[in-house]
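Colleague: Quick one, what's the 3D model for this:
(2 chains)
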Number of protein chains: 2
Amino acid sequence: MRVAIIGAGQLGQMLALAGIPLGLQFRFLDRSADTPGGRVAPIVVGEFEDPAKLLALAADADVVTFDWENISASALAVLGNKVAIHPSPQALATSQDRLLEKQLFRQLNIPTPAFAAVDSREQLREATRSIGLPGVLKTRRLGYDGKGQFVLRSEGDIGKAWKALGAQPLIYEAFVKFTREVSVIGARSTGGEIAIYPLSANVHHNGILRHTTAPYSHRSLQQQAQRHLRRVLRHFDYAGVLTIEFFVVRGRLLANELAPRVHNSGHWTIEGAATSQFENHLRAILGWPLGSTEARGHSGMVNFIGTMPEAAPLLRQPNLHLHDYGKSPRANRKLGHCTVVERSAARRDARLRKLLK
Amino acid sequence: MRVAIIGAGQLGQMLALAGIPLGLQFRFLDRSADTPGGRVAPIVVGEFEDPAKLLALAADADVVTFDWENISASALAVLGNKVAIHPSPQALATSQDRLLEKQLFRQLNIPTPAFAAVDSREQLREATRSIGLPGVLKTRRLGYDGKGQFVLRSEGDIGKAWKALGAQPLIYEAFVKFTREVSVIGARSTGGEIAIYPLSANVHHNGILRHTTAPYSHRSLQQQAQRHLRRVLRHFDYAGVLTIEFFVVRGRLLANELAPRVHNSGHWTIEGAATSQFENHLRAILGWPLGSTEARGHSGMVNFIGTMPEAAPLLRQPNLHLHDYGKSPRANRKLGHCTVVERSAARRDARLRKLLK
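Modeller: Predicted structure coming up:
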């Protein structure tokens, strides 16, 4: 079977590394051949929305999927009914727009922080009054890793926030005092089978994921997350892996955002779960049976951001699994990660503390 | 770091799949681009002993290693001191010749079945008298997966055996009534660090490995195997993974052969050990710290030989890890394998019985 992937970053590379042992063949589309994906499979080099490049990518493919979801549904229309596209362009479109995303959560009775659309400075002022301060003004589109966000702490910030982000569709959200950030990752196959991983607990700095521990064992939260995730998966008649990030507020989950793809907070599943999120994404979009999402031990994942540590000293640590994406260093760029799997949460946490020093 | 691999079969592919996450870059040399390795990294297409091809393979490489060990030390001489070669050509040369191999075992006080060199029909007759019947006549070179072997059961077989295999250097070995076949796999780094996996118990049909279970927990045998393996590793000042296959006879190990590389009986380490044999081979030849060889649960590995089963029905089985090498089917050809990891040996054995039906 042939899998075409739009985007050849580390997520695409890890999809291919999971799929090659299953006998799958991969092809990527990305703007540069010098990408993590391009080192493990052939790559079509070009713009993501170039019809000729999309057709070249999809030629002979059994399914088209994504490492990068910010491609317009209209650009994908060129593929017509020639090839299956999973997840669906509709799910992508929703995930691309923070307002549509929040409206979907509301429609599906999934709690969210208070939010309001903002298209003018006046609407921003109104939103700060109705929702309150502090709050976060965000671009509706193309925000990731903390980009396109402005925290307002007082009325005096309204002008600065508008100057920083105005003149594009925005959303204002209540600033949530959360006790924890968690994510739920699950797969739904084209046949409707669903498999959901245990919760990941995530720590962000400046909007970028720094480290994750899993499983985050909390029965009520796990149940809430699964209920919410199932609703979204069914709503889209979804195929593939989908991630929802939540804030935990007084024992309750508030949905922050969804990602229609494998997710950084699920990298621990490579060594820490019976089946990785990458393998399950492929099994889901091919209509194959899903693999067990059971955790094997207690995992901790640490992102390497901006600089990549040397391999040998790290590998001196027992049971440490290194992932170097082979990218050139740049400030705030995710260059790799490592995962430790321990027999107890306490040992895992001790390992993490040492790694984060 | 750049790793050049001579041979691009499934072993080479699995080395690359283990090394890409470590940030390593790979290049292969093989006779065809349509090989498992050639699907995950660039490949130089040519004869293994072609000096120009070997130089092209090794250009810019930090280390040269092997997926296929039947290359002559003299051919490798073209690489001179330009690049590190691990394991050493000397270890390769010994493994290529069943007589040198057995003589080395004897020199290192590692018990073997009785054996004698055979270069004439008369020597064969003498060997059957001194060693006894039944026995196995084997070519000294280029035998693998049961090829180049003839079992003699009575004096009447001497003529047939000679006709089948004569006119090349041969070895006659006592036919061993073993209770079990086991292998020990271990790595030694360029810095001299040694890490040894728990024993694998192997079942062959017609000289081809069919299935493996591990860990084969037997304290005395494990100790014997580790002692023997350490002697061989130190003898060669070896770097990389080395495998010794043994017969178990009345609680004692008799060495059958060695392989200066990762081994089919160690495929279970991908999912069933803290660090796979492939990752440890790379860490060893790069002089990096070795990873833990501890087993995670009880693994069973089944080879797919001649025909590759369909993926989806197999993946319906829980916790089954599929490896399809993407090779075209051919009688007696290893096309893939699968591994199951269970919490108990009894459960693992039940899974294996079902898989082997």
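Colleague: Quick check: chain neighbours aside, which residue is closest to the residue nearest to the spatial centre of chain A?
Modeller: Centroid-nearest residue in chain A, with CA atoms, centre = their mean: residue A:263, separated by 3.5 Å. Once flanking residues are discounted, residue A:263 sits nearest to residue A:243: 3.8 Å by CB to CB, 6 or more residues apart in numbering or on different chains. C-beta coordinates here come from the backbone N, C-alpha and C atoms, glycine included.
Colleague: What about that neighbour, how many residues nearby?
Modeller: By the criterion of other CB atoms under 10 Å in any protein chain shown, residue A:243 has 23 neighbours.
Colleague: Am I right that the residue nearest to the centre of chain A is in contact with residue A:277?
Modeller: Yes: contact criterion CB atoms under 8 Å: residue A:263 and residue A:277 qualify, at 7.2 Å.
Colleague: returning to what we had before: quick one: contacts for the residue nearest to the centre of chain A?
Modeller: The contact partners of residue A:263, taken as CB atoms under 8 Å, 6 or more residues apart in numbering or on different chains, are A:183, A:185, A:241, A:243, A:277.
Colleague: Mutual contacts of residue A:263 and residue A:277, please.
Modeller: In contact with both residue A:263 and residue A:277: A:185, A:241, using CB under 8 Å, 6+ apart.
Colleague: residues from chain A in reach of chain B?
Modeller: A:13, A:17, A:20-23, A:25, A:39-41, A:274-275, A:283, A:286-289, A:291-292, A:296, A:308, A:311-312, A:315-316, A:318-319, A:321-326, A:336 (CB under 8 Å from any CB of the partner chain).
Colleague: Where helices are concerned, which of the residues you listed count?
Modeller: A:13, A:17, A:283, A:311, A:312, A:315 (DSSP state H).
Colleague: Throw those into CSV and include neighbour count and pLDDT, thanks.
Modeller: Below are these laid out as CSV (neighbours: other CB atoms under 10 Å in any protein chain shown; pLDDT from 0 to 100):
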residue, neighbour count, pLDDT
A:13, 27, 98
A:17, 25, 98
A:283, 26, 98
A:311, 20, 96
A:312, 12, 95
A:315, 21, 97
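Colleague: Most widely separated two among the residues you listed?
Modeller: Greatest spatial distance among those (CB to CB): A:283 and A:312, at 35.0 Å.
Colleague: What ranges does chain A have for its helices?
Modeller: In chain A, the helices defined using DSSP H lie at A:10-19, A:51-58, A:73-76, A:89-95, A:98-107, A:121-131, A:157-165, A:219-235, A:269-272, A:277-285, A:311-315, A:345-356.
Colleague: Dump the last one to PDB, keeping only the CA atoms.
Modeller: Coordinates of each C-alpha in helix A:345-356 appear next as PDB, following Å, rounded to 0.1, in the frame of the first residue of the first chain:
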ATOM      1  CA  ALA A 345       5.600   7.300  38.100                       C
ATOM      2  CA  ALA A 346       8.000   8.300  40.900                       C
ATOM      3  CA  ARG A 347      11.000   7.000  39.200                       C
ATOM      4  CA  ARG A 348       9.900   8.500  35.900                       C
ATOM      5  CA  ASP A 349       9.500  11.900  37.600                       C
ATOM      6  CA  ALA A 350      12.900  11.700  39.100                       C
ATOM      7  CA  ARG A 351      14.400  10.900  35.600                       C
ATOM      8  CA  LEU A 352      12.500  13.900  34.200                       C
ATOM      9  CA  ARG A 353      13.800  16.300  36.800                       C
ATOM     10  CA  LYS A 354      17.300  15.200  36.000                       C
ATOM     11  CA  LEU A 355      16.800  15.600  32.300                       C
ATOM     12  CA  LEU A 356      15.200  19.100  32.700                       C
END
